[in-house]
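> Kindly return the folded structure for what I paste below:
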Amino acid sequence: MTVQTETTAAVPYLDLAAQMRPIRDEIDASIARTLDNCSFCLGPDVAQFEQEFARFCGAQHCVAFNSGTSALHVAMLLLDIRAGDEVITTPCTFVATSWAISYVGAKPVYVDVEDATFNLDPNLVERAITPRTKAVMPVHLYGHPAEMEPLLKICRKHNLPLVEDAAQAHGAKYRRKVVGTFGVISCFSFYPGKNLGAYGEGGALVTNNAAFDARARALREHGSTQRYYHDEIGFNYRMEGIQGAVLRVKLKHLDRWTRERRRVAHRYHELLADTPLQLPREADYAESAYHLYVVRHPGRNELKKYLEANRIGCALHYPVPLHLQKCYAHLGHEPGDFPIAERAARECLSLPIYPEMTEEQIERVTDVIRNFFRTRE
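Residues are numbered from 1 along each chain as shown. The predicted structure is shown next:
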């Protein structure tokens with residue numbers, strides 16, 4: 001196929017500068033306050049953010065971390081998951097979900113995903129439970145909530161805790177309730193590209209369990225509740241003060257940004273409805289936060305090249321499912337073990353989506369896609 005390059009403006013995959021410009025004065029003032037206070041590790045802005053994000057999620061406690069990966073790791077420790085244990089999760093996500101399981105010596109046990117949402121398929125979970133299963137960890141992938149009710153029912157039946165990996169799902173709603181309090185613990189990432197992103201790394205653990213809250217705070221600070229006294233082996237997982245300052249400002253705008261992401265997604269739905277792409281489908285129980293807008297097509301690689309040649313940003317989330325990653329070869333999985341996740345990996349393509357996208361940019365993206373398919377007729 002001949003790539004036809006157009007001459008109109010480029011559309012970036014992500015435009016953090018566009019997000020920063022209208023809030024720059026707020027950000028500068030918040031960071032300046034942190035610098036003036038010299039509160040560089042944790043400090044008052046982090047503490048305030050913890051309260052505000054807990055309130056946003058409808059939870060009692062929020063513990064800020066230096067990354068979402070650290071929060072997931074600590075979640076496994078709080079649940080006393082250790083070597084020889086198993087945690088049921090999805091192969092269709094970023095690797096940090098499985099890292100947390102591996103960090104404590106446990107085994108990630110993968111279950112295939114739903115074709116419509118790429119989220120953990122509740123119909124397949126129960127058959128994966130063994131005497132070694134100690135938790136179930138679904139991911140609200142791309143900002144679309146996992147189907148929580150059947151998963152929670154299974155967990156109650158087998159007396160298993162459910163941990164929400166909500167790293168991509170800030171503000172997403174399951175049956176009109178913000179995700180983050182359905183499980184005993186939920187974990188968020190504030191990586192810069194997330195819907196609520198820091199200006200560096202960041203994460204949080206959210207829970208309604210006061211004992212988990214207290215221990216998580218100790219574990220993130222070298223296992224200490226009193227300086228220089230260490231009750232257990234801990235970690236340096238503290239959030240930086242500047243990231244707390246940034247996140248406090250950005251949290252005020254998150255609801256509006258989520259509405260704008262949904263606006264962009266709905267325009268994509270309308271303008272791409274008659275193309276051969278499989279578009280994201282929002283389940284009737286869900287209100288997606290649209291962290292990503294992921295389409296599918298067997299000709300994904302050719303479409304990606306065509307978009308890039310026409311200066312349209314795009315990305316792959318995720319091109320290799322976790323069970324086929326080299327780092328997990330020891331689990332013994334082979335191609336074909338989780339066919340829906342594998343097909344999603346072959347066909348997925350993430351289009352630009354961010355609150356600041358203009359109608360002109362949306363139409364530019366969809367016009368190039370439609371032209372791609374016209375050249376294949």
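> Tell me where the stretch 151-300 of the chain has helices.
Assigned by DSSP state H, counting those that start in this stretch, the stretch 151-300 of the chain shows helices spanning 210-219, 241-251, 254-272, 300-309.
> Now do the longest one: everything it contacts.
The contact list for helix 254-272 (Cβ atoms under 8 Å, 6 or more residues apart in numbering) reads 19, 56, 143, 170-171, 195-196, 279-280, 287-291, 293, 295, 351, 353-357, 359, 362-363, 365-366, 369-370. C-betas here are computed from N, CA, C, even on glycine.
> do that again at 6 Å, thanks
171, 196, 279, 289-290, 293, 353, 355, 357, 362, 366 (Cβ atoms under 6 Å, 6 or more residues apart in numbering).
> Now distance to Thr258 and neighbour count too, for the residues you listed, in a markdown table please.
Formatted as a markdown table, these follow (distance: Cβ to Cβ, whole Å; neighbours: other Cβ atoms under 10 Å):
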| residue | distance to Thr258 | neighbour count |
| --- | --- | --- |
| Gly171 | 5 | 25 |
| Leu196 | 9 | 24 |
| Leu279 | 19 | 16 |
| Ala289 | 5 | 29 |
| Tyr290 | 8 | 29 |
| Tyr293 | 13 | 23 |
| Ile353 | 12 | 24 |
| Pro355 | 8 | 20 |
| Met357 | 14 | 23 |
| Ile362 | 17 | 21 |
| Thr366 | 22 | 18 |
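> For these, name the two members farthest from one another.
Longest distance between any two of those is 27.0 Å, between Leu196 and Thr366; criterion Cβ to Cβ.
> Out of the helices and strands in this protein, which is least certain?
strand 224-226 (a mean of 92; mean pLDDT, DSSP states H and E).
> So in that sheet, which strands flank that one, and in what orientation?
Sheet pairing of strand 224-226 (DSSP bridges) gives strand 229-230 (antiparallel).
> ends of stretch 91-100, how far apart?
Terminal residues of stretch 91-100 are spaced 14 Å apart (Cα to Cα, to the nearest Å).
> Revised request: answer the last question for stretch 103-118.
Termini of stretch 103-118 sit 25 Å apart (Cα to Cα).
> If you count neighbours, what's buried in that stretch?
103-104, 106-114, 117-118 (16 or more other Cβ atoms under 10 Å).
> For the chain, which segments count as strands?
61-65, 86-89, 107-110, 133-137, 163-165, 173-174, 177-178, 185-189, 203-207, 224-226, 229-230, 286-287, 293-296, 348-351 (DSSP state E).
> burial measure for Ile242, as a count.
By the criterion of other Cβ atoms under 10 Å, Ile242 has 22 neighbours.
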